[in-house]
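*Asks:* here's my sequence, what's the structure:
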Amino acid sequence: MAHGSRDPAAASSTRALLRLVHALRPELPLRCCFLDLARPSLAEALAPLASARPIVVPLLLSTGHHLRVDLPAALAAAGLPPCRLAPALGPHRLLAEALADRLAEAGAPPHAPVVLAGAGSSDPTGVADTTRMASLLAARLGRPVTPAHLAAAAPTPHQAVADLVAAGHPEVALAAYLLSPGHFARRAAATPATWTGAPLGTHPAVARLVLRRYDEARAATAMRSAA
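*Replies:* Coordinates of the predicted model:
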């Protein structure tokens, strides 16, 4: 389940990622759906699978308002039997691998300071997750990473880049902590950073992480049943 967007490129990117997930585990039945702004909806995707108690893997990068409030509300509104819910994708070391690769693809050199641009959240949990992801990326890169937020929290990526330039770093790299192209990706690309990594999209590490979250949710359910 992805968030959804009015930008057709976002839905196309989500479906491309799930084709890669399916290629890694072709025996696993897989459906694509969106929380909002795109079809199929969560209810449309789950209705044919209700008797199987499907596992919903949120293609969300943090445990923010969408995961804690909007998704449970959508499941309740659908009026379907309970399903199993996996954790958010991030923060995770596999995402640090993908972010580092996207920066390298953009041409960012190993000495440039980095700003991690998350979508932002009014939920403190989501903000904390982006900060944790910045620490994981810093460990991967071996240099500091400044967390920033494209909405609802400070600093903005533009301000974080400007602060680094004012501190004596004329060239700054920006890692777009986003899954898909769209409004936020365009805002990330509009900062004064010298290099901007593309959204994570179909990076193989993201596909592996989707399956890891699925396996974790399945194992947790089995443990509860055994108890």
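
*Asks:* show the subsequent helix or strand relative to the helix or strand bottoming out on mean pLDDT in the chain.
*Replies:* Sorting the helices and strands of the chain by mean pLDDT, DSSP states H and E puts helix 65 at the bottom, at a mean of 78. Using DSSP states H and E, the helix or strand that follows helix 65 towards the C-terminus is helix 71-78.

*Asks:* for that following helix, name the packing helices and strands.
*Replies:* Taking 3 or more CB pairs under 8 Å, 6 or more residues apart in numbering; DSSP states H and E as contact, the helices and strands that helix 71-78 lies on are helix 42-46. The C-beta positions use only the backbone N, C-alpha and C, and glycine is treated the same way.

*Asks:* could you list every helix and strand in contact with the helix it packs on?
*Replies:* When contacts are defined as 3+ CB pairs under 8 Å, 6+ apart, helix 42-46 packs onto helix 71-78.

*Asks:* avg pLDDT for the helix or strand following the helix it packs on?
*Replies:* Downstream of helix 71-78, the first helix or strand assigned by DSSP H and E is strand 84-85. The pLDDT scores in strand 84-85 average 88.

*Asks:* got a list of contacts for strand 84-85?
*Replies:* The contact list for strand 84-85, computed with CB atoms under 8 Å, 6 or more residues apart in numbering, reads 53, 54, 55, 56, 58, 71, 75, 217, 218, 220, 221.

*Asks:* so for residue 51, what's the pLDDT?
*Replies:* 69.

*Asks:* offset the numbering so it begins at 140, please.
*Replies:* Got it, first residue is 140 now, which makes that one residue 190.

*Asks:* where is the longest helix in this protein?
*Replies:* Longest helix of the chain, by residue count under DSSP state H: helix 343-365.

*Asks:* and that one, what's buried?
*Replies:* Buried residues in helix 343-365, counted by 16 or more other CB atoms under 10 Å: 344, 345, 346, 347, 348, 349, 351, 352, 353, 356.
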